[in-house]
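> 3D, please:
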Amino acid sequence: MVWRAGLDRWPTICAFLRRNIDAPSEPLCGDLPELAEHKFVTCKFAQSKWQCVSLWCNLPSFFVFYMKDLLGLHKYSSGSETYKKALQAVYLTAIWGIWKERNKAVFNNVQAQLK
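Residues are numbered from 1 along each chain as shown. Take a look at the predicted model:
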């Protein structure tokens, strides 16, 4: 699932528009375009989610600009390989959580919430 985000191959609104399929604006923040980097990195909702993750993991706040950087962020943390793998699992779970909130907004017309 996440490898598709790294390649911007998710079924986002922009992908639908490229195929001439009518689609609404970006569901989490209302901005366009709904690219993977926007959805998981630069969207206001995603940035709030990453702030929560850094607080929960007791890490300093981090800022990334590209999906590729987000997917490799765990490699630059200090600590053992086990710790880095645990951080990677947390990051991947957060990406999945953002995607779930996006789908709730698109398919159930539910406003996204940080949890």
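> tell me the contacts of residue 101?
28, 45, 112, 113 (Cβ atoms under 8 Å, 6 or more residues apart in numbering). Bear in mind the C-beta positions are built from the backbone N, C-alpha and C, glycine included.
> and those, which are buried?
By neighbour count, with 16 or more other Cβ atoms under 10 Å, those hold 28, 45, 112 as buried.
> ok, for the first one, nearest residue in space, not its chain neighbours?
Setting aside the residues directly before and after it, residue 28 is nearest to residue 45 in space (Cβ to Cβ, 6 or more residues apart in numbering), at 4.1 Å.
> what's the burial count for residue 48?
14 (other Cβ atoms under 10 Å).
> and for the one 10 residues further on?
Burial measure for residue 58: 6 neighbouring residues, criterion other Cβ under 10 Å.
> give me the element it is part of.
Assigned by DSSP states H and E, residue 58 belongs to neither a helix nor a strand.
> what separates it from residue 109, distance-wise?
Here residue 58 is placed at a distance of 36 Å from residue 109 (Cβ to Cβ, to the nearest Å).
> same check, this time on residue 30
Using Cβ to Cβ, we find residue 30 at a distance of 14 Å from residue 109.
> what does residue 67 give?
The spacing between residue 67 and residue 109, counted by Cβ to Cβ, is 27 Å.
> ok, now residue 44?
20 Å.
> so which of residue 67 and residue 109 has more stuff around it?
The neighbour comparison of residue 67 against residue 109 (other Cβ under 10 Å) goes to residue 67, with 21 against 8.
> hmm, that one is touching residue 43, no?
No. The pair residue 67 and residue 43 fails to qualify as a contact (Cβ atoms under 8 Å) at a distance of 11.9 Å.
> sec struct for the residue most central in space within the chain, please.
In the chain, the C-alpha closest to the average C-alpha coordinate belongs to residue 40, at a distance of 2.4 Å (Cα atoms, centre = their mean). Of the three states, residue 40 takes helix according to DSSP: H, G, I helix; E, B strand; the rest coil.
> who touches it in this structure?
Residue 40 touches 5, 46, 67, 70, 95, 98, counting by Cβ under 8 Å, 6+ apart.
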